[in-house]
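> Following is a predicted model, sequence given first.
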Amino acid sequence: MLAEGIVTLSFAPRDSHKAQIQFALERGVPAFVAMLGTLRLPFPGFSFDLVHCSRCLIPFTAYNATYFLEVDRLLRPGGYLVISGPPVQWPKQDKEWADLQAVARSLCYELIVVDGNTVIWKKPNGDSCLPNQNEFGIELCDESDDPSFAWYIKLKKCASRASSVKGEYAVGSIPKWPERLTAAPARASVIKNGLDVFEADKRRWIRRVAYYKNSLNIKLGTPSIRNVMDMNAFFGGFAAAIISDPVWVMNVVPARKPSTLDVIFDRGLIGVYHDWCEPFSTYPRTYDLIHIDAIESLIKDPVSGKNRCNMVDLMVEIDRILRPEGKVVIRDSPDVIDKVYRISHAIRWTASIHDKEPESHGKERILVATKSLWKLPSSSH
């Protein structure tokens, strides 16, 4: 898919296959550890243009088709669902295959093709044909349900309403790539004056990235940096500003901050919700560059202003997922940067502090650090 200009986010559990996600990350392919279980996946509603499942063995029709309904929540109206492998025309799985087709029909999915053991459906635009008579008892979710709330939210046995989300986000109604990267999505209005904030954020990150490359010697655009994470992504401005570089960016929107992850997906980028007082769902030493804007805000409660967890613990988690010789760029107030600088030495980073770019307002400083490759001294016998 890379040659097609399509960014694909893969996920799988850590099961008997063990390190398949780690293998993907080592190849420089976007991936993280997750599974369909009892909770919604950490993505906003109607965010993926295509969902692909190859031999994933997910029981889509079990529990009143709950897992199929979760895929439906994630898939944009007009998007495509591709399932390859069991139970599609699979020996001794006639009932499972019949049930899968019945679920798709009950949600008014259009059957595009069945070819061997592969089936392709297209999701209808707008709200599905529900409520209708179907053997699974599927109904539309309450109007109060927000399909983009997905952090520690239990799976629901109902179909998410497309009408519950304002604006244009269906496949075919949003701009095509690459225009969608820079066009302000309708869902940016989730925050006050969102469209104006989006444009200002876009300009700000173009300036900042130019400063990173020209003055701070961050080797973006070189083969040494491929897997990138933005730990406080907001609208995905940092990722958009480096789109011409041979990198991919995992845009993380903190679960306690405004829910802007749908804007990131509308731009054609990828990301997840996460709470940085918990470990991130990935293997150790998998990212080449980690960027953090306003690091202290990741551990503070937005209402009380008190710390919910410890800055040292957060820094150790960053160190865990950063590859040896990988880079960290942290922006925050001078006091916070000084604190982070002291911690960085304790975890054996080589760090330096820099002034912000001249065009920026506010009192910010920037820490640039490199994780060193070190080993415990061998014990003498």
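That came through fine.
> which other helices and strands contact the longest helix seen in the chain?
When the chain is scanned for its longest helix (criterion: DSSP state H), the result is helix 194-214. Using 3 or more CB pairs under 8 Å, 6 or more residues apart in numbering; DSSP states H and E, the elements in contact with helix 194-214 are helix 237-241. Yep, even glycine has a C-beta here, placed from its N, CA and C like the rest.
> Quick check: next helix or strand after the helix it packs on?
Under the assignment DSSP states H and E, the closest C-terminal helix or strand after helix 237-241 is strand 248-254.
> other SSEs contacting that next one?
For strand 248-254, the packing partners by 3+ CB pairs under 8 Å, 6+ apart are strand 227-230, helix 237-241, helix 261-266, strand 271-274.
> how about a cut-off of 6 Å?
strand 227-230, strand 271-274 (3 or more CB pairs under 6 Å, 6 or more residues apart in numbering; DSSP states H and E).
> So which residue is dead centre in the protein?
Gly271 (1.6 Å; CA atoms, centre = their mean).
> Spatially, and excluding backbone neighbours, which residue is closest to that residue.
Asn251 (3.1 Å; CB to CB, 6 or more residues apart in numbering).
> Now do the contacts for the one you found.
Asp230, Ala233, Gly236, Ala239, Ile264, Leu269, Gly271 (CB atoms under 6 Å, 6 or more residues apart in numbering).
> Need phi/psi at the second one.
When quoted as degrees, to the nearest 10, the phi and psi of Ala233 stand at phi -80, psi -30.
> per-residue confidence for the nearest residue to it once chain neighbours are set aside?
Excluding its sequence neighbours, the residue lying closest to Ala233 (CB to CB, 6+ apart) is Asn251, at 3.6 Å. pLDDT, Asn251: 98.
> Kindly report the same for the one 5 residues further on.
Arg256 is assigned a predicted lDDT (pLDDT) of 95.
> ditto for Gln133
So, for Gln133, pLDDT stands at 66.
> for His17, same thing?
Taking His17 on its own, its pLDDT is 58.
> Same question for Ser379.
68.
> do the same with Ala150
Taking Ala150 on its own, its pLDDT is 97.
> how near is it to Glu278?
Distance of Ala150 to Glu278, computed by CB to CB, to the nearest Å: 15 Å.
> Name the residue in these two with the higher neighbour count.
Using other CB atoms under 10 Å, the more surrounded residue of Ala150 and Glu278 is Ala150, with 23 against 10.
> Report the distance from stretch 237-256 to the chain centre.
Mean-position distance between stretch 237-256 and its chain equals 9 Å (CA atoms, centre = their mean, to the nearest Å).
> that older thread, the residue nearest to Gly271 and Gly116: what is the separation?
Using CB to CB, Asn251 is found at 36 Å from Gly116.
> and if you look at Gln89?
Taking CB to CB, one finds Gln89 at 7 Å from Gly116.
> Same drill for those two, tell me which one is more crowded.
Comparing Gln89 with Gly116 by other CB under 10 Å, the one with more neighbours is Gln89, at 14 against 8.
> Report pLDDT for that one.
So, for Gln89, pLDDT stands at 95.
> Now do the contacts for it.
So Gln89 contacts Asn117 (CB under 6 Å, 6+ apart).
> swap the cut-off to 7 Å and go again
For Gln89, the contact set (CB atoms under 7 Å, 6 or more residues apart in numbering) comprises Trp97, Val114, Gly116, Asn117.
> For my notes, please list those in a markdown table and give distance to Glu26 for each entry.
Output for the contacts of Gln89, formatted as a markdown table (distance: CB to CB, whole Å):
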| residue | distance to Glu26 |
| --- | --- |
| Trp97 | 35 |
| Val114 | 35 |
| Gly116 | 31 |
| Asn117 | 29 |
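> Ser344: which element?
helix 334-346.
> Can you mark which positions in that helix are buried?
Val336, Ile337, Lys339, Val340, Tyr341, Ile343, Ser344 (16 or more other CB atoms under 10 Å).
> cool, and stretch 109-128?
Tyr109, Asn117, Val119, Ile120, Trp121, Lys122, Lys123, Pro124, Ser128.
> Centre of the chain to it, how far?
25 Å.
> Please list all residues in contact with Leu57.
Pro86.
> Give the helix, strand or coil label for Asn114.
To be clear, residue 114 is Val; Asn isn't right here. Going by DSSP: H, G, I helix; E, B strand; the rest coil, the secondary structure assigned to Val114 is strand.
> and it, what are its bridge partners?
Val119 (DSSP bridges).
> pLDDT (mean, whole number) over the longest helix of the chain?
96.
> ditto for stretch 277-293
97.
> Alpha carbons only: can I get stretch 92-102 in CSV?
Extracted in CSV, the C-alpha atoms of stretch 92-102 (Å, rounded to 0.1, in the frame of the first residue of the first chain):
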residue,chain,number,x,y,z
LYS,A,92,-17.3,-26.5,7.1
GLN,A,93,-18.1,-22.8,8.0
ASP,A,94,-21.3,-22.5,5.9
LYS,A,95,-23.4,-21.2,8.9
GLU,A,96,-20.7,-18.7,10.0
TRP,A,97,-20.5,-17.4,6.4
ALA,A,98,-24.3,-17.1,6.1
ASP,A,99,-24.5,-15.3,9.4
LEU,A,100,-21.8,-12.8,8.3
GLN,A,101,-23.7,-12.0,5.1
ALA,A,102,-26.9,-11.6,7.2
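> I am finished for the moment; much appreciated.
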